[in-house]
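J.: Mind folding the following:
(chains A and B)
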Amino acid sequence: MKVSYQWLQEYLDLPEKPADLAERIARISVDINDVYSPSDGLTKLVVGHVDSIKPHPDSDHLTLCQVNIGTADDVQIVCGAPNIAAAKNVIVALPGARIGNNIKIKRSKMRGELSEGMICALQEIGFGEQIAPKAYEEGIWFLPAEATPGEPVFPYLGMDDTIIDTDVTPNRGDMFSMLGNVNDIAAFYGLTSKFKPLLVQESADQQTADLVSVQIDDKKIAPTYKMRVISDVQIKDSPLWLQIRLWNAGIRPINNVVDVTNYILLKYGQPLHSFDYDKLPAKNIGVRFAQQDEPFVTLDENKRDLSSDDVVVTAGDHPVALAGTMGGLETAISNQTTSVALESAIFDPVLIRKQARRHDLHSESSSRFERGINPETSEIALNEAAQLIAQLGTGKVATGIVTGSQKPATPIEISLTLARINHVLGTELSAVEVQDIFERLAFKCINNDDTFLVSVPARRWDISIEADLLEEIARIYGYDKIPSTLPAQTSNIGGLSQQQKWVRASRHVLEGLGLNQAISYSLTTVTEAQQFEIKRHATPMELDYPMSQDHVATRMSLISGLLTDLAYNTARKQVDVSLYEQGRIFVPVGKNKRPQEQEHIAGAITGQFSAKTWHHEAQMADFYLIKGIVAQYLANMAVKNAVSYVASNERSEMHPGRTANIFVGETLVGYVGQIHPQTAKQYKIGATYVFELNLDKIMAEPKKPRHYQMISKYPTITRDIALLVDENITNESILDVINDKGGAYLTDVTLFDVYEGSHLPAHKKSLAYTLTYQDKEGTLVEEKVNQAFDKVIKQLMDKLNVEVR
Amino acid sequence: MGLKDKLDQLRQQGLTEVKASSDLNKINDIRVKMLGKKGPITEVLRGMRELSAEERPKIGQFANEVRDDLTNAIEAKRSELEQAKINAQLEHEKLDVTLPGNTVPQGQPHVIQQIIDQLVDLFIGMGYEVAIGDEVEEDHYNFEMLNLPKDHPARDMQDTFYVTPEILMRTQTSPMQARMLEQHDFTKGPLKMVSPGKVYRRDTDDATHSHQFHQVEGMVIGKHITMADLKGTLEVVAQELFGDELDVRLRPSYFPFTEPSVEADITCFNCHGRGCAICKQTGWIEVLGAGMTHPNVLKMASVDPEVYGGFAFGLGPDRFAMLKYGVEDIRDFYQNDVRFLTQFNQKG
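T.: Numbering: from 1, shown residues only, chains lettered A, B, ... in the order given. Coordinates of the predicted model:
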């Protein structure tokens, strides 16, 4: 709410300047969006008196004005406004002035005529188009006749005020009114409030009850509904003081009736609605749910089809207002209005909130109804509004209020003890201090042996339980004064679970191996969500009402997100990228059930893994690089069962000849490989190598024991062997034979060369291995090694038809 | 010429040759030539048998002296030449040490992960356990158990991605409060937990909004946990992240699951409270929301609010990272430009 400092000053002798007051409000009540003066950034704007005008000799729409700006001689200003007139006070921007949008005004010539400044409209000095009164939309604004030429214009327009723009939380609906602000500010400064209502003077000529009747059948939807009628009203502009109150609060002045309802809304937080009494189709007023598809035209001239959840105010069962949200066009106040039916009501907050959302009609009224209304002031506000309308429109207020319903305004009683207060807040408050806080808040408080019985007035409907009172005590006492401690020593042992340790270790390993951690979006397109799954599932989980078509479904693999990241990089000429991601994927398990969430870890590498430099060649991403990373990672995860890589040509997004499923024992835990060139093309990325592992599965695998293996002091003996084999013989099949038949002393087999090329017969390749032998118990003799080596060679020749080169 | 003179002459000749020689081969030649079995000194000594028994030991001793002198001179020269050779080689091997070293690939943790890990480690040090929740939640835990019934206006503060009326993308990590409260065995002591993770809001992505971001939820519930404890804890967090010269200010706020509720601001680290564009001239920067756990939240999880109470807080790692590093666009975190990711490589 835009709270006027000057208006506050009417009720309170404020001891601090606006900025300090705002800081105080922030610390004690509600957050502050902004503190500003409407005149911020504006200079050299003075009152000018137009002494005479004549048409510009060389223009059909410009006027030459002789303007008294408080100096000895009048100055000439060229003005284009159609409503310019002599003998009026106007806003003059002098040469050198800054006006709205930081525009600087200079002395200039307009079609040959000197113009010593500019005569301004409100919109030109910072007023929003939606706030400046509509009547002056096309022209300049006239200042009051008593304004003194040459003086700054700001005080005449309320622009010397300071506005404290508060951000009202949903619980503090009371802070949506001057009254609520006054109460809170008075509480923390310990001030006496001068806030008082204007009393109504009723006309004995008419009884309200003779003019209208109100029947509220469902008191839940309208707990309070009251009405007054003011007759013989003249519709005109409101006095300037009232317009200033409204425009400084961001509300456009319209006429003396509507403005009064808005003024009362600001003052009490009680929204009012004014009907043109004579246009009400009947004089019996009610509130009911709308019928489905019931048509209704609101005063913004929109024809709306209502739903059966909408609440309408009716006259003779005919809708005349969308309750608490917007009035109807038919019964709106116009210049012809002479009698006003004035409604002061409380509607159900939830219904109004939903209605405002449904119709996208968030108004000053609806935002207040949503947060709740003070039942103490519904009638006071109605009386004051009726009185003001009568005063400003020279009308008469009929005698009596017609009441259809009345929400009780009884205080809530809550008891709490001093011990409890200090126990929860960690303070050492005394009973006197607590008593003082409640007195400042004007809550009745009886202290009986350090147990306080507190009566919370209905104006603070946010307070209903002990914890709410604790908050009142804490904030008025001051959060700054609450001590800072840490929870007393407890036996809790903090730490990560074993699973969390493995997840963290996984990240560290992959970073150590050169991959950067990415965090991508979990929500993606349906197509991408189901790509690259380790195991195929049905369709992904989809959102009911997504915000954008790029984020519709929950991912079922991490790779598609990483490829989206690579595409983003590639589009920005970053073609060497190595990423990994650790996160959840979502496997649907049936309608109306939460999906199974799995922890996964995945990587993607494209371009140079290690850049070429003056000193070494580039290391390009390839299958064996990424496989090496996966192998090292799995080694670090120390799974007990054997890891195997099995060629897979069944993954449609993957290269059929360059993809391996990864098994730990018999369990499929993921895969590694190159993405299919067509997939790469779809993503607009280069050749890319990826892996994805189901981390949950890996963590569930039995682990190797954490045992040190003694390093043998006996020497090793090595033998190299180069084998010529058919091209379809795999490394794994050779290793199987060597490991199986290598004998007791074989400790290691390392592939050190692979050769395919012109020096070999067609469809053959050469694989070369180093076999390492060691006897852990003693020194190995050559003879034993030779025997074992010969045996392996023979087995390889027999089983795989190899040729020893 | 007597043997002694001969030996003396040999010594002079040898020393001169050693002195004049400039390579290691030549030194070796001299050694072989002078001191070898067929060398002149051996030769001279062979003539000793013709000497008297009296003179023999004297000459013998002298011969040994000559041999030692030569040996020492040769060794000294050899050492000198070897040193020179090594020096020459070292000179030859000299590098331009200002040329860059090799590029050794090293991956970096994501900046948000770094913030989360920093926070998690801080809380572990204070005895908190870490609980990871699901990202797809039930309306029941995300809202209702947190004192947010279906028609609560505060639900409008959080636009939600619903999957069904009862299943949604969690809008906050707070559902872990309710789940942990239900699980915790209070006979074993207070509950102290943090729960980091991704959350989702139905928002249009722009520089300051993201439909996906992170939170770290925290909660402490016990028999004597006070608002002063909350304040102290929040100060520790703020100072861990932003430095201990900054002040922390608590303001009233509103969350349905805490009462009293507060928001914590820190002194603007950019202007130190004087007011600047980053803090919108207020001197303060809002960093987190917190409060004393609402009795309804405890009740709904079958924890007696008359006996137990405590606090909860929600931290925003994305916002922290933006503040700490001056990141201006929240989308940078999720687009993963490698030039962005690799910048955050400072360790420790």
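J.: Please tell me how far B:Pro165 sits from A:Ala356.
T.: 21 Å (C-beta to C-beta, to the nearest Å). C-beta here means a position set from N, CA and C on the backbone, and glycine is covered the same way.
J.: Please disregard the earlier target; I meant A:Gly150.
T.: In terms of C-beta to C-beta, A:Gly150 sits 48 Å off from A:Ala356.
J.: who has more neighbours, B:Pro165 and A:Ala356?
T.: Shown here are B:Pro165 and A:Ala356; by other C-beta atoms under 10 Å in any protein chain shown, A:Ala356 has more neighbours (21 against 10).
J.: Can you give me the separation between that one and B:Lys150?
T.: In terms of C-beta to C-beta, A:Ala356 sits 17 Å off from B:Lys150.
J.: what about the residue of the stretch 51-200 of chain B found nearest chain A, how many neighbours?
T.: The minimum distance from the stretch 51-200 of chain B to chain A, using C-beta to the nearest C-beta, falls at B:Pro105 (3.0 Å). By the criterion of other C-beta under 10 Å, B:Pro105 has 17 neighbours.
J.: what residues are up against it?
T.: A:Leu513, A:Gly514, A:Ser578, A:Phe609, A:Ser610 (C-beta atoms under 8 Å, 6 or more residues apart in numbering or on different chains).
J.: Not counting its neighbours along the chain, what's nearest the first one?
T.: Once its chain neighbours are removed from consideration, A:Leu513 has its nearest residue in A:Ile629; the separation is 4.9 Å (C-beta to C-beta, 6 or more residues apart in numbering or on different chains).
J.: separation between the one you found and A:Gly583?
T.: Taken as C-beta to C-beta, the span from A:Ile629 to A:Gly583 is 18 Å.
J.: Please apply the same query to A:Arg245.
T.: Taking C-beta to C-beta, one finds A:Arg245 at 54 Å from A:Gly583.
J.: how's chain B carved up into domains?
T.: B:3-92, B:111-344 (automatic domain parsing).
J.: Just name the most buried of those.
T.: Highest mean neighbour count among those (mean count of other C-beta atoms under 10 Å in any protein chain shown): domain B:111-344, with a mean of 20.
J.: how far does that one stretch from start to finish?
T.: 6 Å (C-alpha to C-alpha, to the nearest Å).
J.: What parts of the stretch 601-750 of chain A come near chain B?
T.: Residues of the stretch 601-750 of chain A found near chain B (C-beta under 8 Å from any C-beta of the partner chain) are A:Phe609, A:Ser610, A:Ala611, A:Thr613, A:Trp614, A:His615, A:His616.
J.: rewinding a little: what's the burial count for the residue nearest to A:Leu513?
T.: 23.
J.: Name the helix or strand for it, please.
T.: Secondary structure assignment for A:Ile629, by DSSP states H and E: helix A:623-637.
J.: before we move on, what about A:Ser506?
T.: Using DSSP H and E, A:Ser506 falls in helix A:498-512.
J.: For that helix, the averaged confidence score.
T.: For helix A:498-512, mean pLDDT is 97.
J.: who touches that helix?
T.: By C-beta under 8 Å, 6+ apart, helix A:498-512 touches A:496, A:517, A:580, A:582, A:599, A:601, A:603, A:629, A:632-633, A:636-637, A:695, A:698-699, B:106-109, B:113, B:117, B:130, B:132.
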